[in-house]
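K.L.:
I'd like to go over a predicted model; first the sequence, then the structure.
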Amino acid sequence: MGIAGVRGLYLNIEVDSRVPTINALFNEELGIIVEVDQNNVQYVLNEYNTNGVQAKVVGATGQYGMHSEILVNVNGKQVLNTKLIDVFRMWEETSFRVECLQANTECVKQEWNGLENRKGPSYSVTFDPTAAVVKCKSVRVAVLREEGTNGDREMIASLMMANFEVFDVTMSDLQSNKITLDAFQGLVFPGGFSYADTLGSAKGWAAGILFSESLYGQFSHFKGRSDTFSLGVCNGCQLMALLGWIDPAQNTGSVRKTQIFLDRNQSERFECRWSAVKINEDKTKEDVWFRGMDGSVLGVWVAHGEGRFSFAEGQVREALTRNKQVALQYVDDDGGPTEEYPMNPNGSPDGLAGVRSADGRHIAMMPHPERCVLRWQCPIKPPTSYNQANPHSNYSPWMRLFQNAYIWASKQ
Ligand SMILES: NC(=O)CC[C@H](N)C(=O)O
């Protein structure tokens, strides 16, 4: 409602005429305001009143948009007549000033100045997210943990819902040869704060692989097998970049000189947001992760301090486009890739949010799809088409990502 819902308001408050207007509007009496469909107003009032709770209508919500009207009447007398954007600015100004002191002022000002033009994201789903996938084959996936990994439980749950046989594997399991990656077809690097981000996100985790001859050999062999696939999310994405798994030019000298890395967010702070991203499927081959999802604009959780894709040389960025490696981009309210804050939370060029390897099997993405595979995990209701065959599906569109990988892997 109002500010949070970007809607106009028409309020008609009736109070004892002896109560001053300001006291009526800014009192601290315990109460709640609920928004209900016009058709249900009488029903809700009756339910409250018959259960001994006082309830009355105080107004109605108006149009969607920053320029909608805000009209407030107290005892029939108009006391406020303004636009939502003005109320929004009054409300936000304190936070704006504090944020100017805490974060990159340029980004904070961009958000403040952009408020007036915000319309809300234009989500779209180009496929049926409720479609069920039948388990036909055992596909083993390792979810790899290092000290400080988090989100591995959500990752395991997402993979299990997509029919994978999931194994919880730690770096020390690999270091002590308890198990090797040869046992798996899929490898997932979850998010987190490996080694507490000391010296930079994923630097310690990557060093543990790059500077161990045996582990380095094992990871390289895994990546090179034609039947394998991998996913790195957030801290895992930072790791994959450092391992050189998404570099456009493969096998050029040492992977210890990575071509892509994730730099500090331009805002100079940790960004925890629900962002909108556009999916680019690589239609030149069977896309392991994004098949059938091309052009969809989905909301997704973002939580990182170092999410800005950066390149050792300018030509790396061009090579990514040429190779169809740009898998995900942050988009503005019109659905176009953006560098504008906060729609782009980290300042990545062209809104880069996820990159796939040149052969398409390995994907590194900063946002967290595993945190929103179920509809209730999303702060907005994901747009979905109704599927008669599966009317009660709880899956959000992100489930498709994991299902795609299962379908691809089971055919290898
Ligand atoms: N959620 C994450 O995986 C965070 C990654 C990393 N620690 C960062 O802040 O950038």
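P.N.:
Yes, it's here. Numbering: from 1, shown residues only.

K.L.:
need the residues of the stretch 201-350 of the chain near the ligand, please.
P.N.:
Contact residues (C-beta under 6 Å from any ligand atom) of the stretch 201-350 of the chain with the ligand: 201, 234, 235, 270, 303, 304, 305, 306. Every residue, glycine included, has its C-beta placed from N, CA and C.

K.L.:
5 Å instead?
P.N.:
Of all the residues in the stretch 201-350 of the chain, those in contact range of the ligand (C-beta under 5 Å from any ligand atom) are 201, 234, 235, 303, 304, 305, 306.

K.L.:
what about the closest residue to the second one other than its chain neighbours, distance to the ligand?
P.N.:
Distances taken as C-beta to C-beta, 6 or more residues apart in numbering place residue 191 nearest to residue 234, at 3.3 Å, with adjacent residues excluded. From residue 191 across to the ligand, the span is 3 Å (C-beta to the nearest ligand atom, to the nearest Å).

K.L.:
residues contacting residue 191?
P.N.:
Counting by C-beta atoms under 8 Å, 6 or more residues apart in numbering, residue 191 makes contact with 149, 150, 151, 233, 234, 235, 236, 303, 304, 368.

K.L.:
what about those residues, which are in strands?
P.N.:
Among the contacts of residue 191, the ones falling in strands (DSSP state E) are 233, 303, 304.

K.L.:
I'd say the second one and residue 370 touch.
P.N.:
No: applying C-beta atoms under 8 Å as the test, residue 303 and residue 370 come out as separate, 11.8 Å apart.

K.L.:
on contacts alone, who are the packing partners of the lengthiest helix in the chain?
P.N.:
Taking DSSP state H as the criterion, the chain has its longest helix at helix 84-102. Contacting helix 84-102 under the criterion 3 or more C-beta pairs under 8 Å, 6 or more residues apart in numbering; DSSP states H and E are the following elements: helix 2-5, strand 7-13, strand 69-74, helix 105-114.

K.L.:
distance between the first one and the chain's centre?
P.N.:
Right, helix 2-5. 21 Å (C-alpha atoms, centre = their mean, to the nearest Å).

K.L.:
the helix or strand of the chain with the lowest mean pLDDT - contacts with which helices or strands?
P.N.:
None of the helices or strands of the chain scores lower by mean pLDDT, DSSP states H and E than helix 2-5, at a mean of 86. Here helix 2-5 touches strand 59-64, helix 84-102, going by 3+ C-beta pairs under 8 Å, 6+ apart.

K.L.:
dump the ones you listed to TSV, plus distance to the ligand, mean neighbour count and mean pLDDT.
P.N.:
TSV is the format used below for the helices and strands packed on helix 2-5 (distance: least, C-beta to the nearest ligand atom, whole Å; neighbours: other C-beta atoms under 10 Å; pLDDT from 0 to 100):
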stretch	distance to the ligand	mean neighbour count	mean pLDDT
strand 59-64	32	14	94
helix 84-102	16	14	95
